[in-house]
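Enquirer: How does the following fold in three dimensions:
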Amino acid sequence: MRASLFAILVVSVSAGPVAAQPRLATPDMACAEAADLVARAGAIVLTTGPFTYARFVRDGGFCPLPETTRPAFEVTRDVPRCFVGYTCHDRFTEGEGRE
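Expert: Model prediction:
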């Protein structure tokens, strides 16, 4: 019993703290690279500016009900208004100034 407890302690201590991975940023990517990343992942959170981020999806299947998709255009390294995929929005609050 003591040996297994010691082994668990050694494994947990040697693993160390987990470092946060930086989020990928659309301004650092080429347009095709950002769009391909969203298409391959299906749904992904990307940084869009110094203090902003958004969740992008490939299609409406990645949005919770009753949300729907809206085309998402972001700044990329090579295109100022790049279509990267879609964002999910509540279909019942359309036109209320939500972006």
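
Enquirer: Please state the backbone phi and psi of R91?
Expert: According to degrees, to the nearest 10, the main-chain angles of R91 amount to phi -70, psi -20.

Enquirer: close enough to count as contact, it and E67?
Expert: Yes - the pair R91 / E67 is scored as a contact, 6.6 Å apart, by Cβ atoms under 8 Å. Any C-beta I mention is one placed from the backbone N, CA and C, and that applies to glycine too.

Enquirer: So which of the two has more stuff around it?
Expert: E67 (17 against 13; other Cβ atoms under 10 Å).

Enquirer: That one against D90, yeah?
Expert: Yes - contact criterion Cβ under 8 Å: E67 and D90 qualify, at 5.6 Å.

Enquirer: quick one: contacts for D59?
Expert: 69, 86 (Cβ atoms under 8 Å, 6 or more residues apart in numbering).

Enquirer: Against D36, how distant is it?
Expert: To D36, D59 is 15 Å away according to Cβ to Cβ, to the nearest Å.
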